[in-house]
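J.: sequence plus the predicted model coming up.
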Amino acid sequence: MCIFFQFLPHISISMSLKSFSIYIVKFFELYISAVLLPIVL
(Lines give C-alpha, C1' and ligand atoms only; values in the text may rest on other atoms or scores of the structure.)
Protein backbone atom coordinates (compact mmCIF):
# COMPACT_ATOMS: atom_id res chain seq x y z
CA MET A 1 0.00 0.00 0.00
CA CYS A 2 2.85 2.38 0.80
CA ILE A 3 4.41 1.65 -2.58
CA PHE A 4 1.15 2.55 -4.30
CA PHE A 5 1.02 5.91 -2.52
CA GLN A 6 4.61 6.55 -3.51
CA PHE A 7 3.82 5.89 -7.18
CA LEU A 8 0.62 7.97 -7.18
CA PRO A 9 2.25 11.44 -7.29
CA HIS A 10 4.63 10.30 -10.02
CA ILE A 11 1.71 9.07 -12.14
CA SER A 12 -0.23 12.31 -11.70
CA ILE A 13 2.86 14.39 -12.52
CA SER A 14 3.55 12.38 -15.67
CA MET A 15 -0.09 12.67 -16.75
CA SER A 16 -0.08 16.44 -16.26
CA LEU A 17 3.21 16.71 -18.12
CA LYS A 18 1.75 14.69 -20.98
CA SER A 19 -1.32 16.92 -21.29
CA PHE A 20 0.85 20.02 -20.89
CA SER A 21 3.14 18.88 -23.70
CA ILE A 22 0.07 18.32 -25.90
CA TYR A 23 -1.00 21.92 -25.23
CA ILE A 24 2.53 23.12 -26.07
CA VAL A 25 2.48 21.23 -29.38
CA LYS A 26 -0.93 22.68 -30.29
CA PHE A 27 0.22 26.21 -29.45
CA PHE A 28 3.47 25.68 -31.39
CA GLU A 29 1.53 24.51 -34.46
CA LEU A 30 -0.73 27.57 -34.26
CA TYR A 31 2.31 29.82 -33.84
CA ILE A 32 4.06 28.29 -36.85
CA SER A 33 0.97 28.54 -39.04
CA ALA A 34 0.37 32.17 -37.98
CA VAL A 35 3.95 33.44 -38.23
CA LEU A 36 5.99 31.28 -40.58
CA LEU A 37 3.38 30.55 -43.27
CA PRO A 38 2.94 34.22 -44.32
CA ILE A 39 6.73 34.54 -44.50
CA VAL A 40 7.03 31.44 -46.67
CA LEU A 41 4.10 32.43 -48.89
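T.: That came through, no problem. Numbering: from 1, shown residues only.
J.: and Ile32, what helix or strand is that in?
T.: helix 2-40 (DSSP states H and E).
J.: can you list the low-confidence ranges for this protein?
T.: 1-7, 41 (pLDDT under 70).
J.: same thing but at 80, please
T.: 1-11, 13, 37, 39-41 (pLDDT under 80).
J.: coming back round to it: so what does the helix holding Ile32 touch, helix or strand wise?
T.: Using 3 or more CB pairs under 8 Å, 6 or more residues apart in numbering; DSSP states H and E as the contact test, no helix or strand touches helix 2-40. (Glycine included, C-beta is placed from N, CA and C.)
J.: from the chain's centroid, how far away is it?
T.: 0 Å (CA atoms, centre = their mean, to the nearest Å).
J.: Val40 versus the spatially most central residue of the chain, what's the distance?
T.: Residue closest to the mean C-alpha point of the chain, counted by CA atoms, centre = their mean, is Ser21 at 1.0 Å. Separation of Ser21 from Val40 (CB to CB, to the nearest Å): 26 Å.
J.: which of the residues in the helix holding Ile32 are buried?
T.: Judged by neighbour count (16 or more other CB atoms under 10 Å), helix 2-40 contains no buried residues.
J.: distance of the residue nearest to the centre of the chain from Pro9?
T.: As judged by CB to CB, Ser21 and Pro9 stand 18 Å apart.
J.: again, but for Val35
T.: Applying CB to CB to Val35 and Pro9 gives a distance of 37 Å.
J.: over to Tyr23?
T.: Distance from Tyr23 to Pro9, by CB to CB: 21 Å.
J.: for Met15, same thing?
T.: Taking CB to CB as the measure, Met15 falls 11 Å from Pro9.
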